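Colleague: sequence and predicted model, in that order:
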Amino acid sequence: MAKLKSYQQPDRLLEALEEAGVTHGQVARVDVGSVHTETSIHARRETASAMAFFCEVPDGEGVRVRKTIQAGDGGPLSTRVFVDERLRLAVRRLRPWTDFHIEDAILATNGQTRLKADRRTRLVVTAVEDHKTHEVLAV
């Protein structure tokens, strides 16, 4: 699991999760819309690669809960947000300046807010550098 850095704006993802009614302790399959990639200005130049940024999520498609696996306890979400290695590596395969949705990811919110991918998770590319497209990538 990789912790999202403040410049990736995990607070915007948390805002969208709260708008979708997600609470502490909940486990669910979710879609996350309006994510985009950039090359981190904080990364070393020789290792710079695409990273997921969540700054547009609440203003865009937001979060949709597909299925609740375990109900939450109604408490607040942890502000410590992590993305699993499988999802992080899938995003790194995208070009910088790509807009996409994450479909059918697993969200777990007990102690930490964790977004995980499995064989059902997909990245749906919606635009690459201002060119509209529609491409579905298995994670």
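Modeller: It's in. Numbers count the residues shown, from 1 in each chain.

Colleague: how far out from the middle of the chain is the helix or strand harbouring Lys67?
Modeller: Counting by DSSP states H and E, the element that carries Lys67 is strand 63-70. With Cα atoms, centre = their mean, to the nearest Å as the basis, strand 63-70 stands 14 Å off its chain's centre.

Colleague: could I get that strand in CSV with only the CA atoms?
Modeller: Presented in CSV, the C-alpha positions along strand 63-70 are these (Å, rounded to 0.1, in the frame of the first residue of the first chain):
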residue,chain,number,x,y,z
VAL,A,63,-17.8,8.4,-6.1
ARG,A,64,-20.5,5.8,-6.7
VAL,A,65,-21.0,2.9,-4.3
ARG,A,66,-21.7,-0.2,-6.5
LYS,A,67,-22.2,-2.6,-3.6
THR,A,68,-21.7,-2.4,0.1
ILE,A,69,-19.9,-5.5,1.4
GLN,A,70,-19.9,-4.5,5.0
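
Colleague: direction included, what does that strand pair against?
Modeller: Here strand 63-70 has these sheet partners by DSSP bridges: strand 27-39 (antiparallel).

Colleague: and the partner strand, average pLDDT?
Modeller: For strand 27-39, the mean pLDDT works out to 92.

Colleague: what is the following helix or strand past that strand packed up against?
Modeller: Counting by DSSP H and E, the element after strand 27-39 in chain order, helix or strand, is strand 50-53. With contacts defined as 3 or more Cβ pairs under 8 Å, 6 or more residues apart in numbering; DSSP states H and E, the packing partners of strand 50-53 are strand 27-39, helix 85-92. No exception for glycine: its C-beta is placed from N, CA and C like everyone else's.
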